[in-house]
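Show me the folded form of this:
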Amino acid sequence: MPDVRAEVCVALTQLGAHGAAFAEDVAALLEDPAPEVRVSAARALGSLGDEAAPFAAALRQLAAMGTGEERRAVAEAFVKLGINGGPAGAPAAALRDAGGGGGFAVAVLELYREPDLVE
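Numbering: from 1, shown residues only. Model (predicted):
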């Protein structure tokens with residue numbers, strides 16, 4: 001049944017902010033045993049707007065413990081939600097920011113890093 005749970009998350013991404021009432025249910029799927037469900041849940045949270053912001057810690061936990069695909073999904077969600085980086089849609093400005101070690105840009109790029117490719 002992981003396919004069904006993942007597909008529900010995909011459907012919610014198409015609803016955008018209209019699916020925000022399901023943010024808590026989607027966040028619970030970040031701990032699903034199936035990796036494809038966790039990836040879909042992270043992407044869905046990224047599309048749910050402000051209602052997903054309270055689940056930033058759960059997204060960070062998935063990024064810390066997840067696979068490369070899970071970290072990418074979390075990074076995409078953070079960019080869409082504007083978490084740790086001002087308004088959504090402003091990652092380019094964060095990349096230009098050289099102060100403080102790059103701040104948000106460094107955090108997003110770190111989520112994209114594949115640990116087994118780094119010595």
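
Please report the distance of Pro2 from His18.
25 Å (CB to CB, to the nearest Å). Using the backbone N, CA and C atoms, a C-beta is placed for each residue, glycine as well.

So which of these two has more stuff around it?
Shown here are Pro2 and His18; by other CB atoms under 10 Å, Pro2 has more neighbours (15 against 11).

and Ala23, how many residues sit next to it?
With other CB under 10 Å as criterion, Ala23 counts 20.

meant to ask about Glu51, not that
For Glu51, the count of nearby residues is 18 (other CB under 10 Å).

Same question for Phe55.
When neighbours are counted by other CB under 10 Å, Phe55 comes out with 24.

OK, contacts around it?
Contact analysis of Phe55 by CB atoms under 8 Å, 6 or more residues apart in numbering lists Ala23, Glu24, Ala27, Leu30, Leu45.

give me every residue that touches the second one.
Glu24 makes contact with Phe55 under the criterion CB under 8 Å, 6+ apart.
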